[in-house]
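> Sequence first, predicted model second:
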Number of protein chains: 2
Amino acid sequence: MKCKKCGGKASVNMRQHKLALCKEHYLEWLPEQTERFIKKYEMFTRHENILVAVSGGKDSLGLWDILVRLGYQADGLYLGLGIDGRRSPLGEGINYSHESQRLAEKFANHHGLKLHVVDIEKEYGQPIPVLSEISHRGHGKPCAVCGLTKRHEMNRIARDLGYDVLATGHNLDDEAAVLFGNTLSWSADFLLRQSPVLPSASGLARKVKPLCRFYEREMTAYCLARGIEYIYEECPFAEGAQSIYYKELLNKLETDRPGAKLTFYLRFLEARKSGELFVESHVTHGHLHPCTKCGQPTSAPDLCSFCRTIEKVNSVPAV
Amino acid sequence: MKCKKCGGKASVNMRQHKLALCKEHYLEWLPEQTERFIKKYEMFTRHENILVAVSGGKDSLGLWDILVRLGYQADGLYLGLGIDGRRSPLGEGINYSHESQRLAEKFANHHGLKLHVVDIEKEYGQPIPVLSEISHRGHGKPCAVCGLTKRHEMNRIARDLGYDVLATGHNLDDEAAVLFGNTLSWSADFLLRQSPVLPSASGLARKVKPLCRFYEREMTAYCLARGIEYIYEECPFAEGAQSIYYKELLNKLETDRPGAKLTFYLRFLEARKSGELFVESHVTHGHLHPCTKCGQPTSAPDLCSFCRTIEKVNSVPAV
């Protein structure tokens, strides 16, 4: 297989794009494509300050790397979730959060970038697995509390530190799996909200997903080619998650019909835009008002879900 | 497993409904449910004349049996497609159309019902496989010409013989597979048209699918319990069809999550009805006009697709 640009030996073959590239041209192609998506979906400009949510995984570190290479002003935010084998149902030896933090910091130091680190336990008294256990949210899995916390904290930091936009590393596999799940149940609210860009609203930062059109394996190839060290392991709590099940199903479809995943996602975005299939998104924040504690918008009468969770945890006497 | 109605030994267990029934109560339950769907979707009344498209398979024979048991006025229509090992690319020994016609006629005779039989070769000079071959439609498979012909002929007979409504035996597996395919490509036209009832329009008969909420295996169980003899084989051309691929994928989903297929289809219908997700169906027949040959509505300027196909076939000199 030859590189389409230089005729040299190709190292990445993308069947879905009918495109093979050598390492050097792949490292050019991926940021070029990212730039194209940033413009197409009007995500942000070079005059804006971007906060990249960095987990230590390939997608978020790859995203940060690409944005900086493209000349964007992008700082990182690492949330220390405390998913380690200490004061949690995880076995000893699990070192997920420590390891991912080490890799995020290593990347930032190596490139001379600014990384904000927020430690959930220091901020709120307990790590995610314990917050989840005490609050009894999420059917025995910390994923619900973890998602709630991440959304809250990302928004809080972006707002408090005056960033224009919050960027996350969701790739095509993530977005297609979410879309697939929402389609199976035809959830209007979720289907009408899923987008590469969520505009800012009172108290909510603009959110963008510049990698939403890249396959997961394309991001892996990028990080390997760039020599970016990232955490290989999935979160130990991810096992058995719905999203992983949908990803497997879509992977089967993709194997049988290369490009099916991309088509599924892109045609959805096109259908949303054309106005021929879906009603106009009725995302209104009219019924939201500021949480009396943190000030972030909520539909609850008093405290937002996150602050209620923290309050509940704090009201339980320590064991 | 006990029958929920009488406590006797259950012979059908429907995990998706959390319902097990003995043979006798199953044979009551299925028509009751059908009656419920007919009313819910306002398909037809007992004063209307129904034409059931009968293929000789379990779904269409089961449907005809149910409608007659429920007291509806339902005649049958059998289309002889000529899918047999004679003058076609099929091997000798294939006897698909002959066998299905024999079973449809046997059922009609046994119950003293009226069955219209239309033989495509007698009407149009060639059986489906040859029509397909000569017309070069459908990438080497006769399925495109077969579907076109069936739609045309069902509508022609329903209209010419004055039936109020045309009923087909599409089951949940069929409908979910079609929906799944249309969703993967987000085809607005198809998604906005898929429905248990298509109202009549100038020159087009009303079309209904009373079995659209029954799993394929529920129809198999019904026919076995009723002693209805039907053709087990799939059409020999069906192998490798897209719809079969989607059915397999949905079956995997259903195995892992009983009820997923039904939820996928029903929530879609609900979402369509609620108006919260989809735009109103813009099915307008305004741009259609009658085919200059057969009078059925078409968007083409002169002949409809079917008449064009037949004209093309007739213009080719016999070999």
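All right, it came through fine.
> which secondary structure elements does the one helix or strand A:Glu270 maps to contact?
When secondary structure is defined by DSSP states H and E, A:Glu270 falls within helix A:260-274. Helix A:260-274 makes packing contacts with helix A:172-184, helix A:242-256, helix B:172-184 when contacts are defined by 3 or more Cβ pairs under 8 Å, 6 or more residues apart in numbering or on different chains; DSSP states H and E. Heads up, the C-betas are built off the backbone N, CA and C, glycines and all.
> Any chance of a markdown table for those, columns mean neighbour count, mean pLDDT and distance to A:Tyr124?
Formatted as a markdown table, the helices and strands packed on helix A:260-274 follow (neighbours: other Cβ atoms under 10 Å in any protein chain shown; pLDDT from 0 to 100; distance: least, Cβ to Cβ, whole Å):
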| stretch | mean neighbour count | mean pLDDT | distance to A:Tyr124 |
| --- | --- | --- | --- |
| helix A:172-184 | 22 | 97 | 26 |
| helix A:242-256 | 16 | 95 | 25 |
| helix B:172-184 | 22 | 97 | 41 |
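> Just tell me which of the ones you listed ends up closest to B:Glu24.
Closest approach to B:Glu24 among the helices and strands packed on helix A:260-274 (Cβ to Cβ): helix B:172-184, 23.5 Å.
> could you give the angle of the closest one to helix B:242-256?
Helix B:172-184 and helix B:242-256 meet at an angle of 110 degrees, taking axes from the mean of the first three to the mean of the last three Cα atoms, to 10 degrees as the criterion.
> and the angle from helix B:172-184 to helix B:260-274?
In terms of direction (the same axes, to 10 degrees), helix B:172-184 departs from helix B:260-274 by 60 degrees.
> what does the average pLDDT come to for the host helix or strand of A:Lys150?
Taking DSSP H and E as the criterion, the element that holds A:Lys150 is helix A:143-160. Per-region confidence: helix A:143-160 scores 96 on mean pLDDT.
> which other helices and strands contact the top strand by length along chain A?
Identified as the longest strand of chain A according to DSSP state E is strand A:73-80. Here strand A:73-80 is seen to pack against strand A:49-53, helix A:58-69, helix A:96-111, strand A:115-119, helix A:120-124, helix A:143-160 when contacts are counted using 3+ Cβ pairs under 8 Å, 6+ apart.
> can you tell which of the ones you listed is closest to chain B?
Chain B lies closest, by Cβ to the nearest Cβ, to one member of the helices and strands packed on strand A:73-80: helix A:143-160, at 18.2 Å.
> The closest one: which residues count as buried?
For helix A:143-160, the buried set under the neighbour-count rule, 16 or more other Cβ atoms under 10 Å in any protein chain shown, comprises A:143, A:145-146, A:148-159.
> contacts for that helix?
The list of residues contacting helix A:143-160 from outside it, by Cβ atoms under 8 Å, 6 or more residues apart in numbering or on different chains, reads A:51, A:53, A:77, A:79, A:81, A:116, A:118, A:120, A:123, A:128, A:131-132, A:135, A:137-138, A:163, A:165-166, A:168, A:203-205, A:237-238, A:241, A:294, A:296, A:304-306, A:309.
> of those, buried ones?
The neighbour count (16+ other Cβ under 10 Å) marks A:51, A:53, A:77, A:79, A:81, A:116, A:118, A:120, A:128, A:131-132, A:135, A:137-138, A:163, A:165-166, A:168, A:203-205, A:237, A:294, A:296, A:304-306, A:309 as buried among the contacts of helix A:143-160.
> Could you tell me which of those residues belong to strands?
Assignment to strands by DSSP E places the following of these there: A:51, A:53, A:77, A:79, A:116, A:118, A:165-166.
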